[in-house]
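# I need the structure of the sequence given here:
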Amino acid sequence: MRQKDIWIKMLAETCRLLLGLVFIFSGLTKAVDPMGFAIKVGEYLSSFGWDSLQSFAVPFAINLAAVEFTLGICMFLGVYRRYASFLTLLMMLFMTPLTLYLALYNPVADCGCFGEALILTNWETFYKNIVLLAAAVIAFVYNQRTLAGYTFKVYWFVATFAYVYCVGFSLRNYWHLPIIDFRPYKIGVNIPVAMSIPEGAPQDEYEYSFIYEKDGVQKRFTLDNVPADDSTWTFVDTESKLIKAGYVPPISDFIVTTFDGEDRTEQLLADTTGVFLLVSPRLEQANEERIDEINNLYDYATEKGMRFYCLTGSDESAVTKWIDYTGAEYPFLFVDDVTLKTMIRSNPGLIVLKGGTIMGKWHYNDFPKEEDLDKFVESALLKPMKDEKEARLVTNLLTFVVPLLLVWLYDYRRNRKKQPVSENL
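Reported below is the predicted structural model:
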């Protein structure tokens, strides 16, 4: 093989692996938190004036994550090399101009391409896509010079299994809480600590300018040359420009009030007995199938001498309707609905706080039974809940890797030893 061919092959393989890893990561981070990505899709739809399509946000989010993940797996394992590289190139040809538009006009704060796992600015996303677009061109042009991990006879299984697995993984995280929590309100986080700014942390740096007027002409001055002592100049205005952002705490928006505006944040976070928080961003949209379980949880908290509140972003009229419909006896407090959606991907969801630390979180499909709560409350089972999530993560990983490995072994023994792959796929 000539030196030039070797370099081309190395370049093509590097681009293939890069695209594969990025698409796998992108698909997985969306699939881990499909509700969060659906919220981001909803922001896109609103910014483009397509609010009538909001009902499709969740299925679109789940399927886009599965498509990205499948393309990533195919690129990484050398499956359907021609088709996978072509579809990857098409996606990058679409996404790169779109992210340029986002960077120029900023209709949404960030693209959401890596979910909550890695948040990039719109300009960072555009620069990233420029690199990926170049890699996609190279991977497509030289797709037949890259390695194939399987023979063509089992391509269908790898691609189909990757798509079905990712859809199933997304649905699992939609019907329950995300198996990995990338948001600041994860189990074990102490909210007061997460809201504090460490001593010596970088502060915001501003550039100030002062506008003065003389003889009908306005002029801008800096702090160093401002004509404060010159009576011939008349002060007009002051302007400030942020030139360097300082430290931003992980949690900065947790404010709990009564509907009369009385702040209850400190009281809630200082409770060391334990507080049950029923979280519902919008009571009008809350699942109503767990009302009896919610009332039982309230009765349990009352028996144990623990406080129970419902945190909601709804107004008082919605609260009144909820009380009339459910017979709720627990008090309601107001929190911004965006904050509540960040706290837990469930409407309603349950959070237990103790001394400001998040001890447990449950989706409404997983509200704990009384016997489970006894163990939880008595021993503050923080570590076991983390261990359970880690075990589920390992199980999900093995569920995907083991079948692919077994198929590879079967493919190697039955097909690869007998004949080389000759199809240009």
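
# C-alpha only now, for contacts and for neighbours.
OK.

# buried ones in stretch 140-150?
Neighbour-count burial for stretch 140-150, counted by 16 or more other CA atoms under 10 Å, picks out 140, 142-150.

# got TSV for those, with distance to D181 too?
Formatted as TSV, the buried residues of stretch 140-150 follow (distance: CA to CA, whole Å):
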residue	distance to D181
F140	35
Y142	39
N143	36
Q144	39
R145	39
T146	36
L147	35
A148	34
G149	32
Y150	34
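
# so which of these are in helices?
F140 (DSSP state H).

# neighbours around Y127, how many?
Applying other CA atoms under 10 Å, we find 15 other residues in the vicinity of Y127.

# what residues does the host helix or strand of it touch?
Using DSSP states H and E, Y127 sits in helix 122-141. The contact list for helix 122-141, computed with CA atoms under 8 Å, 6 or more residues apart in numbering, reads 11-13, 15-16, 18-19, 82, 85-86, 88-89, 92-93, 95-96, 99-100, 102-103, 106, 109-111.

# mind telling me what element the spatially most central residue of the chain is part of?
For the chain, the residue nearest the mean C-alpha position is E116 (2.7 Å; CA atoms, centre = their mean). Here E116 is covered by no helix or strand, with elements defined by DSSP H and E.

# for this protein, what spans make up the helices?
Taking DSSP H as the criterion, the chain carries its helices at 3-32, 34-47, 57-77, 81-105, 122-141, 155-175, 191-195, 265-270, 291-303, 316-326, 337-343, 370-379, 382-411.

# domain boundaries for this structure, per the record?
The chain breaks down into these domains under automatic domain parsing: 3-175+397-416, 205-244, 265-380.

# could you tell me the least trusted of those?
Mean pLDDT is lowest for domain 205-244 among the domains of the chain, at a mean of 85.

# from the chain's centroid, how far away is it?
Chain-centre distance of domain 205-244: 43 Å, with CA atoms, centre = their mean, to the nearest Å.

# give the buried residues for that domain.
Buried, per 16+ other CA under 10 Å, within domain 205-244: 209-212, 226-227, 233-235.

# now render the residues you listed as a markdown table, adding distance to F48.
Output for these, formatted as a markdown table (distance: CA to CA, whole Å):
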| residue | distance to F48 |
| --- | --- |
| S209 | 36 |
| F210 | 38 |
| I211 | 38 |
| Y212 | 41 |
| V226 | 45 |
| P227 | 47 |
| W233 | 47 |
| T234 | 45 |
| F235 | 42 |
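
# so of these, which ones are in strands?
In this view, the buried residues of domain 205-244 that belong to strands under DSSP state E are 209-212, 234-235.

# thinking again about what came up before, list the buried residues for the helix holding Y127?
Buried residues in helix 122-141 (16+ other CA under 10 Å): 122-123, 125-126, 129-130, 132-133, 135-140.

# possible to save those as JSON lines with distance to I358?
Rendered in JSON lines, the data for the buried residues of helix 122-141 read as follows (distance: CA to CA, whole Å):
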{"residue": "N122", "distance to I358": "32"}
{"residue": "W123", "distance to I358": "35"}
{"residue": "T125", "distance to I358": "33"}
{"residue": "F126", "distance to I358": "36"}
{"residue": "N129", "distance to I358": "37"}
{"residue": "I130", "distance to I358": "40"}
{"residue": "L132", "distance to I358": "39"}
{"residue": "L133", "distance to I358": "42"}
{"residue": "A135", "distance to I358": "43"}
{"residue": "A136", "distance to I358": "43"}
{"residue": "V137", "distance to I358": "47"}
{"residue": "I138", "distance to I358": "48"}
{"residue": "A139", "distance to I358": "46"}
{"residue": "F140", "distance to I358": "48"}
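
# sweet, I'm off.
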